[in-house]
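S.K.: Just to be clear, the model below is a prediction. Sequence and coordinates:
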Amino acid sequence: MSLEAILTQLLMGLTVGVNLVLVATGLTLVFGMMGVINFAHSALFMLGAYAALIVSRHLGGFWLGLAVAPPAIALLGAAVERWLLRPLRERYPLSHLLPLLLTFGLSLFFEGSAKVLWGADIVSLERPTRLAGAVALGRITFPTYWLFALAAAAVLAAGVWLVVERTSLGLSIRAATQDPVMAAVLGVDTQRLNTVVFALGSGLAAAAGVILGAMTSLSPQMGAGIVLDAFIAIVIGGLGSFTGAIVGSLLLGQVQSFGVALLPAFHTPLVFLVMVVVLVLRPSGLFGAAERR
Amino acid sequence: MNRRRFITTTTAAGLGAALLPCAARGADPIKIGVLLPFSKAFAVLGENTFAGFMLGAKEAGPTIAGRSYTIIKEDDTADPSVGVSKVRKLIDRDEVDVIVGTIHSGVAAAIRNPIVDAKKLWLNPIATNDLLAEQGCSRYHFRFSNSAWQSAAPLGPWAKAKLGDRAYICVFNFAFGQQSAAHFKKAFTEAGGTVVGESFPPFNNTNYAPYFPAIKDAKPQLVFANFAGSDAVAFIKQYADFGLKGPIKVIGPSNLVSEDVLSAQGDAAIGVYSNSYYTPSYDIPKNRAFVKLCKDAGKEPDHFLCAGYDAAQALFGALRETKGDMENKERLIQIITDMRIDSPRGALRFDPKNHNPISDIHLRTVQGGPLRHVVIDVLKDVRHPDMGCVL
């Protein structure tokens, strides 16, 4: 492999990895605080992309779509948590299965609705012309849109990291993901926090949906693959851990990128092999034990 | 219809049946079973194929030589096990006279034995499985699209002559991709070209970028690519993003840049070469009429509509010749085998050795403003090689 190829492969992996962080954050924080694997996460990713498509087609442009879609889907996420998930969990506080079934049902509902509303046809999100072409970075050239995707996701992920690690809201979130009951006893409003975290995760997934949607195409099932990757990333990083989601996602991006280049026939199992090795050595994931009980 | 009238017509029909064993069956309609994917990933393809068939039926009129027909639709969901149970239902419960279907190659392989064992006439509009022209061929089966071989092998010598000597192969990793890759590789190498590398991304992949540095390092002049649906969109877009499109030409079967993905691919598809038995912009009188027929019905013409339409032309044309008689299967088979179908693609006829279509293959390139396929070459009378078929 030439040095150019290695650098290109590294940047490609980073672009995918950083976007994976956006998807994985919501999954891992919701699991940490509520003990629920959110099966509707892939649908929220997809709805983000379609929301941006509708806005960009009818109101004007990719940028407006990117600005409007994530907050809109965050509101949708907040509504789902406040009026569906919370009543269910209050009624059956001991059940982990019912919230899981609820999110699974929601994912079917959202995907079915998308098909009815926008059809099963494959459609595309127009990119701004300013992001067309490629830029030279020393010895390699890299597509402008991919650099934008890398930078935009990195800025968002860094913002979330600052909030979680450096603010009092973040302190409450970290406390509640470690021990929701104890956090509540100590005066953290965990109910409000659940809504905030669910909304945040939904908005981030939607942002990734917009950014990645313009690299591929939009269809009602578009979220399935990336959310599976995000799930693998948070299992590697440690379920419920925010740091773990970041590290797991970035690692997975590189494993996929270099896996294709170095072991082309074996790269799909390779991802799972990494997961198995991590789980054998550290059953609770790379950062799971430190942050969870 | 009042009761007396009902009795008279049925009695007349019964009397007719007694007197004229053939033509008198005019009273009970011919049953046409249509098995296509109307839901899930192939839903749009199934709907278009059906729309094409219905355009042909509409042209033929509501009765053929005085005999009416009914069409019974079933959805195989592009799933082989569903396809088998639906085809059994059509044969056993509905007692259809002819089966029109399907699209997915796996479903086609699965429904082959039930149809052939029941000795039903089988008009296959799309499914490209090579087996149906080889060991799995049958005298009851006629195909209206092309085989996987026809969609890939003719590209080999053409690419060698027009695009360059060094090819890289990048196709999705399942039967259709692998079969087409093998056919292309053999034909390209036999024409004197060299295949400098191969990669097989998984089905339903969204990120093709990691495959590109290896392609660049192998320094090919062209890439043979075979992807469909959202995979084709992601591949073509990212191929252009990473600047490979200019220096390294892309060529592949029709599905790589077919009408269902072309608008989503946008300008990234410009310059991509593909082949197909049908191109909407192909300028012959029959196709101009067909394009108008589609547009009047609110449909964009594509190769699915064309194949469905031709299946209807073959069926109703043969029935006109037998005066609506569906019983003599051997005569119907003979008529269709000898038929020259005036297809929107140009002349269409069947290979008497395997009932696979012999038709022209269009080599096209995508041009912009608006996005469309432009035919740059026509390979005449392409036929599937003789490989183990006994009809």
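M.R.: Alright, I've got the coordinates. In this text the structure is predicted, and so the values were computed from the model without any measurement.

S.K.: Check the offset of the helix or strand where residue A:136 lies from the chain's centre.
M.R.: For residue A:136, the host element (DSSP states H and E) is strand A:134-137. Centroid separation for strand A:134-137 versus its chain: 27 Å, with CA atoms, centre = their mean, to the nearest Å.

S.K.: in its sheet, what does it sit against?
M.R.: As defined by DSSP bridges, the strand partners of strand A:134-137 come to strand A:140-143 (antiparallel).

S.K.: got the buried residues for the partner strand?
M.R.: A:140, A:142-143 (16 or more other CB atoms under 10 Å in any protein chain shown). Where C-beta positions appear, they are placed from N, C-alpha and C, glycine not excepted.

S.K.: which is the next helix or strand following that strand?
M.R.: Next in sequence after strand A:140-143, counting helices and strands by DSSP H and E, comes helix A:144-166.

S.K.: which other residues reach that next one?
M.R.: By CB atoms under 8 Å, 6 or more residues apart in numbering or on different chains, the surrounding residues in contact with helix A:144-166 are A:11-12, A:14-15, A:18-19, A:21-22, A:25, A:66, A:127, A:130-135, A:169-170, A:173-174, A:200, A:204, A:207-208, A:211-212, A:214-215, A:242, A:246, B:209, B:241.

S.K.: Please spell out the ChimeraX selection for the buried subset of those residues.
M.R.: Those of the contacts of helix A:144-166 that count as buried under 16+ other CB under 10 Å are selected in ChimeraX with:
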select /A:11,12,14,15,18,19,21,22,25,66,127,134,170,173,174,200,204,207,208,211,212,214,215,242,246 /B:209,241
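
S.K.: secondary structure class for residue A:7?
M.R.: At residue A:7, secondary structure determined by DSSP: H, G, I helix; E, B strand; the rest coil is helix.

S.K.: Can you tell me, leaving aside adjacent residues, what's nearest to it?
M.R.: Leaving aside its sequence neighbours, residue A:7 sits nearest to residue A:140 (CB to CB, 6 or more residues apart in numbering or on different chains; 5.1 Å).

S.K.: Correct me if wrong: the one you found contacts residue A:9.
M.R.: No: between residue A:140 and residue A:9 there is no contact under CB atoms under 8 Å: 10.0 Å.

S.K.: Test my guess that residue A:241 contacts residue A:249.
M.R.: No: using CB under 8 Å, residue A:241 is not in contact with residue A:249, being 11.8 Å away.

S.K.: Now do the same contact list for the residue lying closest to residue B:60 once chain neighbours are set aside.
M.R.: Computed as CB to CB, 6+ apart, the closest residue to residue B:60 that is not its neighbour in sequence is residue B:316, at 3.6 Å. Residues near residue B:316 by CB under 8 Å, 6+ apart: B:56-57, B:59-60, B:64.

S.K.: buried sites along the host helix or strand of residue B:316?
M.R.: Under the criterion of DSSP H and E, residue B:316 resides in helix B:303-321. Neighbour-count burial for helix B:303-321 flags B:303-319, B:321 (criterion: 16+ other CB under 10 Å).

S.K.: near chain B, which residues of the stretch 151-293 of chain A?
M.R.: Residues of the stretch 151-293 of chain A that fall close to chain B, judged by CB under 8 Å from any CB of the partner chain: A:212, A:215-219, A:222, A:225-226, A:256-261, A:264-265, A:268.

S.K.: Just the buried residues of the residues you listed.
M.R.: A:212, A:215-219, A:222, A:225-226, A:256-261, A:264, A:268.

S.K.: Cross those residues against helices and list the overlap.
M.R.: Taking DSSP state H, the ones among those that sit in helices are A:212, A:225-226, A:256-261, A:268.

S.K.: Could I get those in JSON lines, plus columns for distance to residue A:83 and pLDDT?
M.R.: Compiled in JSON lines, these are given as follows (distance: CB to CB, whole Å; pLDDT from 0 to 100):
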{"residue": "A:212", "distance to residue A:83": "29", "pLDDT": "96"}
{"residue": "A:225", "distance to residue A:83": "29", "pLDDT": "88"}
{"residue": "A:226", "distance to residue A:83": "27", "pLDDT": "91"}
{"residue": "A:256", "distance to residue A:83": "37", "pLDDT": "93"}
{"residue": "A:257", "distance to residue A:83": "41", "pLDDT": "94"}
{"residue": "A:258", "distance to residue A:83": "44", "pLDDT": "94"}
{"residue": "A:259", "distance to residue A:83": "42", "pLDDT": "93"}
{"residue": "A:260", "distance to residue A:83": "43", "pLDDT": "91"}
{"residue": "A:261", "distance to residue A:83": "47", "pLDDT": "88"}
{"residue": "A:268", "distance to residue A:83": "39", "pLDDT": "83"}
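
S.K.: circling back to that earlier point, check contacts around the residue nearest to residue A:7.
M.R.: So residue A:140 contacts A:4, A:7-8, A:11 (CB under 8 Å, 6+ apart).

S.K.: next one: residue B:379
M.R.: Going by CB under 8 Å, 6+ apart, residue B:379 touches B:154, B:158, B:275, B:360-361, B:363.

S.K.: Identify the residue with the minimum pLDDT among those.
M.R.: Within these, residue B:360 has the lowest pLDDT, namely 89.

S.K.: Kindly confirm my reading that that residue forms part of a strand.
M.R.: Yes: assessed by three-state DSSP, residue B:360 belongs to a strand.

S.K.: what about it, how many residues close to it?
M.R.: By the criterion of other CB atoms under 10 Å in any protein chain shown, residue B:360 has 18 neighbours.

S.K.: can you give me the strands for the stretch 101-250 of chain B?
M.R.: All strands of the stretch 101-250 of chain B, identified by DSSP state E, counting those that start in this stretch, fall at B:121-124, B:141-143, B:166-171, B:194-199, B:222-226, B:249-253.
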